[in-house]
Structures are given as structure tokens and as C-alpha cells.
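Enquirer: make a model of this:
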Amino acid sequence: MLTVVLLVGGLAFVKIDVRGTTVGGNITSDTHWTIDDSPITFNSNVRVYPNATLTIDPGVNVNFSSRYLTISGMLVATGTPDSRITFTIPDNQPSNTPLFFDSSSLGWNDLTNSGSIIQYASFNRVALQISNGIKIDNCYFSFSTTQSPIAISGGSSGASPIISNNKITFNGQDSSHYAYGISVNSGATPVINNNEFNGNGQLTGINLQIYAPTGMSSPAFTISNNVFSNCWLGVKAETAATATVQGNSFLGCRDGLDINVAASVTIRNNLIDGCSRYGINGGSIIESNTISNCQIGIHNPSAGSVITYNNIVGNTVNSITASSASVNAQNNWWGIANEATIKSTLYDVSADSSLGTISFVPFLNSPSLSAPPIPANTPPIIAAQTNDPTTAPSKITSAATPTPAPAIPPTVTALKKSETILSDTGDLINLNLITVSITAIIALVWIVVIFGYVTLSRISKYKAKSKSEN
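Expert: The predicted structure is shown next:
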């Protein structure tokens with residue numbers, strides 16, 4: 001009876017949560033989705049009309065269910081660090097691009113601190129197509145297909161979205177290597193800064209898919225202070241891209257940057273470290289970077305390239321490999337102030353007559369202070385062994401093997417009093433030896449005692465038997 005009463009009484013404290021809202025159709029006036037409406041499930045496509053604002057509160061879960069949300073007005077979706085908004089497509093449904101910002105949507109304005117914004121949200125298999133200036137801040141993107149979670153296009157009025165402080169993680173397998181974190185198409189001028197790209201060895205962090213008519217370039221924009229780790233490519237620039245890539249870190253990628261010969265990209269103040277193939281493939285203006293511990297630091301820079309005030313050190317095959325064009329690579333730090341050794345790290349006309357010349361004199365006598373610090377694990381370089389300073393070994397960087405530290409004699413530590421006793425002669429006798437000896441003596445005494453006891457017992461029994469017989 002007591003058990004039944006407790007069970008029935010407990011039901012009074014059970015709240016059956018049947019919250020949830022199904023939505024579909026057009027939003028023509030200001031609309032508010034609150035936590036009490038969550039989860040929001042689409043049963044048809046939704047469009048926010050011009051002059052209408054859709055507001056989404058912290059903690060709301062939006063389930064697109066393979067439908068679409070088009071913003072022609074304004075979206076304000078601001079979560080908090082502890083209560084994020086979630087945009088999701090269930091795993092049993094195909095992922096697509098369900099969230100569109102068309103060119104008529106109201107963009108973000110930093111001066112008035114208003115406009116379309118998504119902040120502190122998580123995107124699971126959900127991608128965005130942006131044709132206006134939305135702000136995306138402190139969001140998580142997790143995806144496993146080749147579809148970019150953020151695709152930016154210029155549209156009819158151009159787009160200047162702000163993409164900052166986000167984490168973009170690719171967790172799939174893409175043998176074709178067309179998985180892009182952010183795609184930037186013609187006419188767009190985004191601000192992309194302070195984001196983290198984790199590539200699982202497959203992702204191209206930012207792909208500048210910009211194609212302009214011959215002789216024309218796209219508007220310039222900046223990619224700054226991002227971290228690209230374990231990516232297939234950090235930044236890839238297609239034809240006619242115009243951008244500045246500044247202050248980023250490219251860590252453990254296959255290639256840090258891949259720059260088309262027709263692109264105009266300034267590469268400045270970046271740390272490019274540990275790339276398994278090229279630190280930079282292509283490029284024209286390359287200044288004040290640290291390019292270290294890659295296989296090849298800079299591969300095939302464009303004609304007229306200016307490579308200056310960089311630290312180009314610790315790259316295992318070559319510091320620079322030339323294309324058919326000559327390269328100005330003066331005033332860089334190469335890990336050593338020795339002309340013959342520096343030359344031995346370069347691959348140009350001196351090794352292959354079809355290549356251009358890499359001009360590297362004068363060179364810096366110490367690391368460039370305008371470039372990021374050289375990673376501590378960068379190995380030193382030893383001087384090339386040659387009597388002719390104009391002659392260099394062909395292709396392989398002369399990387400030094402660190403000199404082994406001299407052997408250190410063992411330190412004699414004074415024995416503690418608890419471990420020793422002092423004999424009459426003043427010698428130190430190990431207590432362990434004495435303990436073993438005493439134990440052995442005691443064991444021997446016990447053996448003698450037991451043997452004697454057994455022997456005496458048998459003698460006593462024999463005498464008693466003989467007496468009884470007599």
C-alpha cells in the first residue's frame with residue numbers, strides 16, 4: 001500500500017511536455033518564436049516578407065524537415081553561450097540549403113547595431129546561402145557533405161556579410177576534396193575573421209570561387225585572424241579573386257594557400273606551419289609571413305612575385321621552387337646567414353634550365369620581426385659543405401640534426417640513515433643485506449628445530465614401542 005501511494009503521489013510532480021509548433025507559408029508581419037513554441041517544425045516552405053522581422057529566442061530548436069526558410073525581410077536569431085539556437089535537419093532526411101538570405105533582406109549595420117543577425121547558434125547539416133550583409137557570429141557549423149555550410153554571392157546589390165568567431169568542422173570523408181567551409185562567389189565582399197576551421201584532412205576552409213570577365217577583377221575583401229587546422233587547403237583563390245589574407249594561422253594542412261595565377265591575393269603576416277606539401281602554392285605578394293616545417297615553403301610563385309621579410313625556415317625539401325618566371329625573394333630570413341646554404345634550399349635555374357631565377361641576396365641576418373614568431377619545434381639548418389660559395393647542392397634542404405647533449409655522469413646520492421648501519425670498521429653495510437641474512441638464519445634455525453623435533457618424536461615412539469614389547 002505504501003509503494004502504491006508513493007508511485008501515485010509521484011505522478012503529481014511529472015510534467016508531460018507536449019510543446020511544439022508546426023509552421024509553413026508566408027510571414028508578412030513581425031513574428032516571434034519563443035522557447036514555449038519550440039521545437040519549430042516546418043511542414044512547408046516559409047518566407048519572411050520585406051518589412052517583416054522574424055525573431056527567434058535562445059534555446060529554440062528549428063527543424064527544417066527538408067523545407068526552406070527564405071529571408072526577404074529581417075531575421076534576428078540571437079542565442080546565448082549557455083542557450084544556443086539550434087537549426088537542424090534530421091539524419092534520416094537529405095541535407096540541403098534550407099536557409100536563404102536574398103538580396104532584398106535587411107543586412108546588418110554595425111553603426112546602428114541592427115539588421116539580420118544569427119548569433120550563438122548551432123547548425124547541424126544546415127547550410128546558408130547569403131546574398132546580403134547578414135552578421136553570423138559565434139556559431140557552430142558541423143557538416144559531412146561537399147555542400148558549403150556558408151555560401152556567399154553578390155546578388156544584384158552585392159553582399160558584405162560579417163562572418164566572425166565561428167567554428168566550422170568537417171566530419172565526413174570527401175575523396176574529391178570539394179568540401180568547402182565558406183564559398184565566396186562573384187561580387188561578394190565579406191568580412192571573414194576570427195573563425196576556426198577544422199578540416200579532418202579534407203576541408204578547403206575558404207574557397208574564393210570568383211570568375212570575372214577577362215581583364216577584370218572582383219571587389220577586394222579581407223580574410224584575417226582565422227585558424228585553419230588539418231585542412232586539405234586553407235584558402236583557395238580561383239581566377240580573378242582579389243583579397244588580402246592577413247594574420248591567419250595555417251596548421252598541419254596539406255597546402256596552406258593555393259593561389260591561381262590570375263588571382264590578386266596579398267599574403268601577409270600569416271603563420272604557415274607543418275603543411276605536408278606546400279606552405280603556399282602560387283602567390284604574388286608574400287610579405288612578413290613565417291613559413292615553416294612544410295615540405296616546400298613556396299611552390300611556383302607567379303611572375304613578378306615579391307617575396308620579402310618572411311621567415312622561410314625548416315622546410316624539408318625546398319624553401320622555394322621556381323616556376324618558369326624569375327622571383328624576387330630578397331630580404332628574407334632562411335634560418336642561417338650563409339649564401340651557399342640558402343642557395344642549397346632553392347630550386348631554380350641553377351638546377352633546371354627551364355626555370356626562372358630566384359634572387360635572394362641580400363638576405364636577413366636574423367629572423368624577421370614583422371613576421372610571426374618561428375615555432376619552437378623548427379629544426380636548425382647547418383651550413384652547406386662546399387669550397388665554392390657559388391655552387392650548391394641540388395634540391396634538398398640541408399636540415400640539421402640536433403647535436404646530442406653530452407652524457408651526464410650519474411649523481412651519487414648520500415645514503416639515508418634508515419638504509420644503512422655503521423660497522424665497527426666504519427664501512428657502510430646495506431640494511432637490506434643484513435635483513436636477508438637474518439631471515440635466512442632464522443629460517444635455518446626453524447628447519448633445525450623442526451627436524452630435531454621430528455627426530456626426537458620418532459625416537460620417543462621407538463623407545464615406547466620397544467618397552468611395550470619387552
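Enquirer: let me see the domain layout of the protein.
Expert: Listed by automatic domain parsing, the domain ranges of the chain are 20-271, 272-403.
Enquirer: how far off centre is the last one?
Expert: Taking C-alpha atoms, centre = their mean, to the nearest Å, one finds the center of domain 272-403 at 25 Å from the center of the full chain.
Enquirer: helices of the stretch 301-450 of the chain, residue ranges please.
Expert: 339-344, 431-469 (DSSP state H, counting those that start in this stretch).
Enquirer: next one: the stretch 1-150 of the chain
Expert: With DSSP H, counting those that start in this stretch as the criterion, the stretch 1-150 of the chain has helices spanning 2-10.
Enquirer: I'd say Arg84 and Ala121 touch.
Expert: Yes. Contact criterion C-beta atoms under 8 Å: Arg84 and Ala121 qualify, at 5.7 Å. (C-beta placed from N, C-alpha, C; glycine too.)
Enquirer: which one of the two is surrounded by more residues?
Expert: Neighbour totals were compared for Arg84 and Ala121, and Ala121 leads with 25 against 19 (other C-beta atoms under 10 Å).
Enquirer: what about the nearest residue to the more buried one once chain neighbours are set aside, distance to Asn124?
Expert: Closest residue to Ala121 apart from its sequence neighbours, by C-beta to C-beta, 6 or more residues apart in numbering: Ile85 at 4.2 Å. Distance, Ile85 to Asn124, using C-beta to C-beta, to the nearest Å: 12 Å.
Enquirer: equivalent analysis for Asp36, please.
Expert: Counting by C-beta to C-beta - Asp36 and Asn124 are separated by 22 Å.
Enquirer: the two: who's more crowded?
Expert: Asn124 (16 against 10).
Enquirer: ok, and the closest non-adjacent residue to the more buried one?
Expert: Here the residue nearest Asn124, using C-beta to C-beta, 6+ apart, is Thr88, at 4.3 Å.
Enquirer: bridged to that neighbour, which residues?
Expert: Using DSSP bridges, the bridge partners assigned to Thr88 are Asn63, Asn124.
Enquirer: chain center to the lengthiest strand in the chain: distance?
Expert: The longest strand of the chain (DSSP state E) is strand 40-48. From the chain centre to the centre of strand 40-48 is a distance of 35 Å (C-alpha atoms, centre = their mean).
Enquirer: before we move on, what about stretch 101-109?
Expert: On C-alpha atoms, centre = their mean, the centre of stretch 101-109 falls 31 Å from the chain's centre.
Enquirer: any common contacting residues for Arg84 and Ala121?
Expert: Tyr140 (C-beta atoms under 8 Å, 6 or more residues apart in numbering).
Enquirer: wait, Pro58 sits on Ser83?
Expert: Yes. Using C-beta under 8 Å, Pro58 is in contact with Ser83, at 3.9 Å.
Enquirer: neighbour count winner among these two?
Expert: Pro58 (18 against 12).
Enquirer: quick one, phi/psi of the more buried one?
Expert: phi -60, psi 140 (degrees, to the nearest 10).
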